[in-house]
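K.L.:
Sequence first, predicted coordinates after that:
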Amino acid sequence: MTTACGTTARVEEGLALRNRLCETFFAREADRLAAACREMSERFLRGGRLLAIGRGPYATDAQHVSVEFVHPVIVGKRALPALDLSAGGTRWLSAILRPDDIVMGFGPPSGDREISAALDSAQALGAMTFALPGRGSYSVGAATDQPFIHQEILEILYHTLWETVHVFFERRELGHDVGNAGFLYPFLGRDRQSSSQAIADTAASIRMKVADDSALRDQVARDDADVLCDVARAMRVRLNRGGKVILFGNGGSATDANDWAIDCVAPPPGYRPIPAISLSLEPANVTAIANDVGSDLIFLRQLVAHARAVDVAVAFSTSGGSRNIVIALEEARKRGLLTVALLGYDGGEIGRRGLADLTLIVRSDYIPRIQEIHASMYHIVRELLEGMAHA
């Protein structure tokens, strides 16, 4: 199929490339990741905290990993202490660091010198450090020099860390009911395993998660490649008329909204800036509105202030039913904005009611996998928008 943004073959090739790079990276890293998660669980049990830091678009990864550990997506999991220190930079990190802490530094494929130096200092004080990329207790080299795909791999990595740390918590209580983790880790709840066997089993589960992502991207390539092109084409029409992109979402989806906004206004070298704002990147507004009139209106109130009919409203909702997202989309439609929704499950209320002009649905019922494929989707749309700008 051909659209105004070119052939869908470009989308399909982009998704296939992501599958190859992700599978190769995690095939290599799964065992090391499993061992690192065991150490993380021990540090949390000793009172350690996760401290994350990044700059530019990678600050949103620090936001995302923090919310994953503090507010787990699986009901019943313990809240673990995690902080995003990106706003205060490396000086904030040095001011509060303790030896049992875990420090994650996020950066571009080429690395970030200031963050690397901060990780060196943290490791010297006894902290466990994740250099993503760079050098640290857990160091990785970038799997690709393409910044969007590099960031998608990082998102899978820290989702994996959150999921696997809880495996080692539950392994301490083998023989007890493992609850909602059972479908993810069928080897839990049996006889106590050796340490090496536990690491091997959790490494295998990490590879399974990556395989699930690959299957979901394949599904997107089959079913939605043309929709991704349609989204880019419709957005480009509004942008060419002087519109901007207004993004919003909750929790991990808020960090996706923030990331796409930054990818628009401060893109990688060679890309042209696109006017965009994220309503999720306004903590004073969000908390003021939630406190005074309720959390259902945190995006509506801001939308009323910022929206023009020429704009594009982009909503992220893994459930497809978040009330504050539904209300904001309803208002955006009334005001004549182009509406785009990135959803999960079966599309939820937003999908059933057709509240978005264009919808992209990741047909999965597990939030981390949905968000990982959302990242591939919006990065591909950003790439298509750039190509159309040069056309």
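P.N.:
In hand now; what should we look at? Numbers count the residues shown, from 1 in each chain.
K.L.:
got the phi/psi numbers for residue 359?
P.N.:
Main-chain dihedrals, residue 359, degrees, to the nearest 10: phi -120, psi 140.
K.L.:
again with residue 53
P.N.:
Per degrees, to the nearest 10, the backbone of residue 53 is at phi -150, psi 140.
K.L.:
What about it, how many residues nearby?
P.N.:
29 (other CB atoms under 10 Å). (C-beta placed from N, C-alpha, C; glycine too.)
K.L.:
Show the contacting residues for it.
P.N.:
Counting by CB atoms under 8 Å, 6 or more residues apart in numbering, residue 53 touches 59, 62, 84-86, 89-90, 92-93, 103-106, 115, 118.
K.L.:
ok, now which ones touch residue 219?
P.N.:
So residue 219 contacts residue 363 (CB under 8 Å, 6+ apart).
K.L.:
if we go to 10 Å?
P.N.:
15, 362-364, 373 (CB atoms under 10 Å, 6 or more residues apart in numbering).
K.L.:
same question, residue 155
P.N.:
Contacts of residue 155 (CB under 10 Å, 6+ apart): 60-61, 64-65, 68, 252, 255-256, 259, 368, 371-372, 374-376.
K.L.:
Check the gap between it and residue 255 for me.
P.N.:
9 Å (CB to CB, to the nearest Å).
K.L.:
so what's in contact with those two at the same time?
P.N.:
60-61, 64-65, 68, 371, 375.
K.L.:
thinking again about what came up before, which of the contacts of residue 155 fall in helices?
P.N.:
60-61, 64-65, 68, 252, 255-256, 259, 368, 371-372, 374-376 (DSSP state H).
K.L.:
which of these lies closest to residue 280?
P.N.:
residue 255 (7.7 Å; CB to CB).
K.L.:
Can you report how many residues neighbour the closest one?
P.N.:
When neighbours are counted by other CB under 10 Å, residue 255 comes out with 29.
K.L.:
Would you confirm that it contacts residue 280?
P.N.:
Yes. With contact defined as CB atoms under 10 Å, residue 255 and residue 280 form a contacting pair (7.7 Å).
K.L.:
what residues are shared contacts of the two?
P.N.:
Joint contacts of residue 255 and residue 280 (CB under 10 Å, 6+ apart) are 60, 63, 249, 316.
K.L.:
The first one - nearest residue in space that isn't next to it in sequence?
P.N.:
In this structure, residue 60 finds its nearest non-sequential neighbour in residue 259, 4.0 Å apart by CB to CB, 6 or more residues apart in numbering.
K.L.:
Contacts only, for that neighbour.
P.N.:
Contacts of residue 259 (CB under 10 Å, 6+ apart): 56-61, 63-64, 148, 151, 155, 247, 278, 281, 375, 378-379.
K.L.:
can you rerun that using 8 Å?
P.N.:
Counting by CB under 8 Å, 6+ apart, residue 259 has contacts 57, 60-61, 151, 375, 378.
K.L.:
Of the residues you listed, which is the nearest to residue 215?
P.N.:
Nearest to residue 215 among the contacts of residue 259, with distances taken as CB to CB, is residue 375, at 16.2 Å.
K.L.:
what's the longest helix in the chain?
P.N.:
Under DSSP H, the chain gives helix 9-45 as its longest helix.
K.L.:
Which elements pack onto it?
P.N.:
strand 102-106, strand 128-132, strand 138-139, helix 147-171, helix 195-223, helix 225-240, helix 367-390 (3 or more CB pairs under 8 Å, 6 or more residues apart in numbering; DSSP states H and E).
K.L.:
let's see it at 6 Å
P.N.:
helix 147-171, helix 195-223, helix 225-240, helix 367-390 (3 or more CB pairs under 6 Å, 6 or more residues apart in numbering; DSSP states H and E).
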